[in-house]
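Trainee: Sequence first, then the predicted structure, then my questions.
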Amino acid sequence: MSAAVEDLRPGDPGLFTPRSVTWQMHGDPMMWVAGIRALYLQALHPRAVRGVMQNSDFRKDAWGRLMRTADFVGTTTYGTTQAAERAGARVRKIHSRLGATDPDTGERYGVDEPELLLWVHCAEIDSYLHVMRRSGYPLTDAQADRYIAEHRISARLVGLDPDAVPADRAQMAAYFEKVRPELAAGPEALEVDDFLLRPPTHPLLVPAREVLWRRVAHLAYASLPPYAHELYGRPAPAPATVTRRLRATGRLLRCIPARLRWQLPPKHILRAMARLGPNSRPAPYKVGR
């Protein structure tokens, strides 16, 4: 049965369900800015980013990688239980086959080491939550904790023990404090930084890249924690300025009708609403219900 047909089966709310914070929050357009922040943050773990760079032609397939990540997040959030579990199994299978080599020591290691999977997971979830709240998405502290706890589900899907994954903001902060000494802006991180600022594109689209994309990339970079700016060696505006820009960007993007935004392939949200009915439509006001 194809994923498109499967996702139209009535009644299956999936792993997160329309009652979750995740269901409501992941329908917001600022998730794209948050995703770019996550890439910047993830690249600061030398062993983790080395696994990416040594197993893919990042520059040639970076857009494909971004879209595959977005598709995974959309499937696990809004797809059926079977579709989400299948997506997780596919990711685990791919990771189990891949390894990387430390150029300094010659050590060979798997990209599915728990510590690496945990870093990627926490950098992603922290970025989603940080950008969304800072851009004006209405979440209380308790709801933010609930969001982090919900993502023990996505952690399990990629091969982590849910009990070893932060379940609230305090545990997440403690994790980043613990891992901070391991972070560095090595050659691979600088290559990611260069790509995000100047992604390859058709010559005719270079002006649009300079006007639009670079602004988004700069905003995502600016929203990183101060230690990340220090590691990358590039300054960022004052935090208050960054917050104002995030809120202004959020207001602008949220003016685009949701139905129009959700038309972009692969239409996870529209397919979920077709499966579960119009009441499953994601909306910020539903978070507190």
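Mentor: Done, it's in.

Trainee: Quick check: which ranges of the stretch 51-200 of the chain have low pLDDT?
Mentor: Scanning the stretch 51-200 of the chain for pLDDT under 70 picks out 58-63.

Trainee: Could I get the full set of strands for it?
Mentor: Residue ranges of the strands in the stretch 51-200 of the chain, as given by DSSP state E, counting those that start in this stretch, are 99-101, 108-110.

Trainee: deepest of those strands, which one?
Mentor: When the strands of the stretch 51-200 of the chain are scored by mean count of other CB atoms under 10 Å, the highest mean neighbour count falls to strand 99-101 (a mean of 17). In this view, the C-beta of every residue, glycine as well, is placed from N, C-alpha and C.

Trainee: any idea of the mean pLDDT in the helix or strand residue 275 falls within?
Mentor: According to DSSP states H and E, residue 275 maps onto helix 268-276. Averaged across helix 268-276, pLDDT comes to 96.

Trainee: Please apply the same query to stretch 11-24.
Mentor: The pLDDT scores in stretch 11-24 average 95.

Trainee: which parts of that stretch are buried?
Mentor: 12, 13, 14, 15, 16, 18, 20, 21, 22, 23, 24 (16 or more other CB atoms under 10 Å).

Trainee: follow-up on the earlier one: kindly state which of the strands of the stretch 51-200 of the chain is positioned closest to residue 230.
Mentor: strand 99-101 (25.4 Å; CB to CB).

Trainee: would you turn the strands of the stretch 51-200 of the chain into TSV with distance to residue 90?
Mentor: Listed next are those as TSV, based on distance: least, CB to CB, whole Å:
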stretch	distance to residue 90
strand 99-101	18
strand 108-110	17
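
Trainee: still on that earlier bit, which members of the buried residues of stretch 11-24 are the farthest-apart pair?
Mentor: Going by CB to CB, the pair spanning these furthest: 12 and 21, at 19.6 Å.

Trainee: closest one to residue 225 among the strands of the stretch 51-200 of the chain?
Mentor: strand 99-101 (25.3 Å).
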